[in-house]
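> What follows is a predicted structure for the sequence shown.
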Amino acid sequence: MNAPHPRVRRLAELKQAGTPIVMVTAYDIVSARVTEAAGVDVVLVGDSAANVVLGYENTRDVGVDELLSLARAVRRGVQTPLLVCDLPFGTYEASDELAVTTSRRFMDEVGCDAVKIEGGGAIAERARAVVAAGIPVMGHVGLLPQHLAPGVPARARGRGVDEALEIARSARELEDAGCFSIVFEAVPAAVAQAIGATLTVPTIGIGAGAATDGQVLVFHDLLGLSLGRQARFVKHYAQLFAPMVDAVRAFAGDVRAHRYPADEHTYPVDPDQLAAFLAQLPGDR
């Protein structure tokens, strides 16, 4: 296997230095440029695009071509952070060959630095095959949104002994398979801390407490742009939805009241050119 990508290696260096890792999702050129300018460490083109961008009810609904298109836009705006792309549901689980083929599409067609997959057990074997193909893989344990059947509510994982042990096994399997980092989603803080202490790779939490090596939030969630019920772990760092509505409403009001466009918003034309044009303009038929 080739040496780790410098940005992949940097996550291990941040963990060793005790510097928290910052990860944010992005789905288009604007969110990509915002995360780039903000200086985050990792940008994830998440399958959460299904909900916050494409309007689907479940992350399982986003297709590979849709996510590839979004990821290409993000790639054009991200220069410095590590760019990780989620593999969509149904594009890696069935076989090692399928997992490698899909991963290569994201590497070749997007130019991402790594891919992310959900789960342990058989999924850890898919991760092993992708890593063996020279593609860095980020794992994901705890709540697995892609595994939720339609209509089944999301809930925290690992509150009971058996479930916590299963998360620990999955995390170890993913590390053994060669994953360079593992996301812990919706796991009790004490459980995530205990499991993380048994691992050597960086852990990134989303609703998993402060003891993980880093934190990730969905772009739309942290900016207050997501609609509907929010998860317990979401913190809004801005409330941008209402100001956006106000701005569009103000535009609509100006148009209807003939206040926009004003003279300063229009392009001038030379009077002689205008007169010549009008003289030659065909009349009504």
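Cool, the structure landed. Numbers count the residues shown, from 1 in each chain.
> what's the spacing between residue 120 and residue 59?
Residue 120 sits at a distance of 18 Å from residue 59 (criterion: CB to CB, to the nearest Å). Bear in mind the C-beta positions are built from the backbone N, C-alpha and C, glycine included.
> Which other helices and strands does the one helix or strand residue 124 maps to contact?
Element membership for residue 124 (DSSP states H and E) is helix 122-132. When contacts are defined as 3 or more CB pairs under 8 Å, 6 or more residues apart in numbering; DSSP states H and E, helix 122-132 packs onto helix 96-105, strand 137-142, helix 161-176.
> let's go with 10 Å and repeat that
Packed against helix 122-132 by the contact rule (3 or more CB pairs under 10 Å, 6 or more residues apart in numbering; DSSP states H and E) you find helix 96-105, strand 114-116, strand 137-142, helix 161-176.
> If you drop the residues flanking it in sequence, what lies closest to residue 190?
residue 209 (7.3 Å; CB to CB, 6 or more residues apart in numbering).
> how deep is the one you found tucked in, by neighbour count?
Look at residue 209: counted by other CB atoms under 10 Å, it has 17 neighbours.
> What of residue 68?
Look at residue 68: counted by other CB under 10 Å, it has 18 neighbours.
> re earlier: so who does the residue nearest to residue 190 touch?
Residues in contact with residue 209 (CB atoms under 10 Å, 6 or more residues apart in numbering) are 184, 187, 188, 189, 190, 191, 192, 193, 196, 215, 233.
> Which of those residues sits closest to residue 32?
Among the contacts of residue 209, residue 215 lies closest to residue 32 (CB to CB), at 19.2 Å.
> related to what we said a few turns ago, of residue 120 and residue 59, who's got more company?
A direct count of neighbours by other CB under 10 Å for residue 120 and residue 59 places residue 120 higher, at 25 against 21.
> Could you verify that that one is part of a strand?
No. Residue 120 sits outside any strand when classified using DSSP: H, G, I helix; E, B strand; the rest coil, being coil.
> State the distance from it to residue 186.
Residue 120 sits 16 Å away from residue 186, going by CB to CB.
> next one: residue 274
The spacing between residue 274 and residue 186, counted by CB to CB, is 64 Å.
> Same drill for these two, tell me which one is more crowded.
Using other CB under 10 Å as the criterion, residue 274 and residue 186 rank with residue 186 on top: 22 against 11.
> got a list of what the more buried one touches?
Applying CB under 10 Å, 6+ apart to residue 186 gives the contacts 142-145, 154-159, 192, 205-208, 231-233.
> Could you turn the buried ones of these into a ChimeraX selection?
Buried members of the contacts of residue 186, defined by 16 or more other CB atoms under 10 Å, are picked up in ChimeraX with:
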select :142,143,144,145,156,157,158,192,205,206,207,208,231,233
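> So which of the contacts of residue 186 belong to strands?
Among the contacts of residue 186, the ones falling in strands (DSSP state E) are 142, 205, 206.
> Tell me how far the second one lies from residue 152.
When distance is defined by CB to CB, residue 205 is 23 Å away from residue 152.
> which intervals of the stretch 151-285 of the chain have sub-threshold pLDDT?
284-285 (pLDDT under 70).
> where along it do the helices fall?
Assigned helices in the stretch 151-285 of the chain, in chain order: 161-176, 189-196, 219-222, 241-256, 271-280 (criterion: DSSP state H, counting those that start in this stretch).
> Those helices: which one's closest to residue 52?
Comparing the helices of the stretch 151-285 of the chain by CB to CB, helix 219-222 comes nearest, at 4.2 Å.
> helices and strands around that closest one, which ones?
The contact analysis (3+ CB pairs under 10 Å, 6+ apart) places helix 219-222 against strand 21-25, helix 29-38, helix 49-52.
> hmm, try it at 7 Å
For helix 219-222, there is no helix or strand it packs on, judged by 3 or more CB pairs under 7 Å, 6 or more residues apart in numbering; DSSP states H and E.
> what residues does it touch?
Under the criterion CB atoms under 7 Å, 6 or more residues apart in numbering, residues 24, 25, 26, 31, 52, 226, 230, 234, 235, 236, 237 lie in contact with helix 219-222.
> can you list the domains in this structure?
What automatic domain parsing lists as the domains of the chain is 6-239, 243-280.
> So residue 89 sits against residue 60, correct?
Yes. Using CB atoms under 7 Å, residue 89 is in contact with residue 60, at 4.2 Å.
> neighbours around residue 28, how many?
18.
> My read is that it contacts residue 73, right?
Yes. Between residue 28 and residue 73 there is a contact at 4.9 Å, judged by CB under 7 Å.
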